[in-house]
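Colleague: Whatever this is, show me its structure:
(one chain, ligands or ions: 1)
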Amino acid sequence: MAFELPDLPYAMDALEPFISKQTLEFHYGKHHQAYVNNLNNLVPGSEFAWATLEDIIRKAAGGIFNNGAQVWNHTFYWNCLAPKAGGEPKGSIQDAIVESFGSFSAFRDEFTKAAATLFGSGWAWLVKTPEGKLKIVQESNAGNPLRNGFTPLLTCDVWEHAYYLDKQNRRPDYISDFWNLVDWTAVKNRL
Ligand code: MN
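Modeller: Just a heads-up that it's a prediction; the model follows:
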């Protein structure tokens, strides 16, 4: 049973001018595809030959974990973004953010800081805890909050490959543009 690269939920140029077509061609078409290919080369004959990606994230280590989590993380990231999105969340997700962080702008500042200050490669996440609170977590490399019992709601990929073609070393500019693409309806549906 081979893992497959899921379709991108929009056209390669749909996130312009914030994320370029060229970045999506490499980030989705090359990086995400490479994690799928690597995983398919690693799992046959292992104890994860018939596992789901979620099982791999919770139980695997080494290359199988790294590539499996990166497949999941990227699919999730694409589904956090949408053209003509961004702005302020509405409804239950807005209420949950205000309850946990005080205001949307306080949440946005804290998430921005988590993404900007993550040392090296990794992911900033908004998660729901088992107690139902919202929380921001940083994960290095392929890290995924499912491993700690959290429900992922939103993520920002801060690996350099996510922004270097468009922004070179300016990670803060990429994060600033990220807010114009967040699909709050999708985030709300994960609550
Ligand atoms: Mn990436």
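
Colleague: so who does the closest residue to Trp72 other than its chain neighbours touch?
Modeller: For Trp72, the nearest residue in space outside its immediate sequence neighbours is Leu53; the separation is 4.7 Å by Cβ to Cβ, 6 or more residues apart in numbering. Using the backbone N, CA and C atoms, a C-beta is placed for each residue, glycine as well. For Leu53, the residues meeting the contact criterion (Cβ atoms under 8 Å, 6 or more residues apart in numbering) are Phe3, Gly68, Val71, Trp72.

Colleague: Could you do Ala114 as well?
Modeller: With Cβ under 8 Å, 6+ apart as the criterion, the residues that contact Ala114 are Ala124, Ile136, Val137, Gln138.

Colleague: how much space between it and the ion?
Modeller: Computed as Cβ to the ion, to the nearest Å, the Ala114 to the ion distance reads 17 Å.

Colleague: what does the longest helix seen in the chain contact?
Modeller: Among the elements of type helix in the chain, defined by DSSP state H, the one spanning the most residues is helix 62-78. With contacts defined as Cβ under 8 Å, 6+ apart, helix 62-78 is touched by 3, 6, 8-9, 27-28, 31-32, 35-36, 38-39, 42-43, 46, 48, 53-54, 56-57, 60, 123, 141-144, 152, 155-157.

Colleague: Redo the contacts of Ala114 as TSV? Include secondary structure and neighbour count.
Modeller: Rendered in TSV, the data for those read as follows (DSSP: H, G, I helix; E, B strand; the rest coil; neighbours: other Cβ atoms under 10 Å):
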residue	secondary structure	neighbour count
Ala124	strand	24
Ile136	strand	18
Val137	strand	17
Gln138	strand	17
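
Colleague: quick check, nearest of the residues you listed to Ala115?
Modeller: Distance to Ala115 across the contacts of Ala114 (Cβ to Cβ) is lowest for Ala124, with 3.8 Å.

Colleague: Give me the distance between Gln94 and Val182.
Modeller: Gln94 sits 13 Å away from Val182, taking Cβ to Cβ, to the nearest Å as the criterion.

Colleague: swap that for Thr129, sorry
Modeller: When distance is defined by Cβ to Cβ, Thr129 is 21 Å away from Val182.

Colleague: These two: who's more crowded?
Modeller: Val182 (22 against 15; other Cβ atoms under 10 Å).
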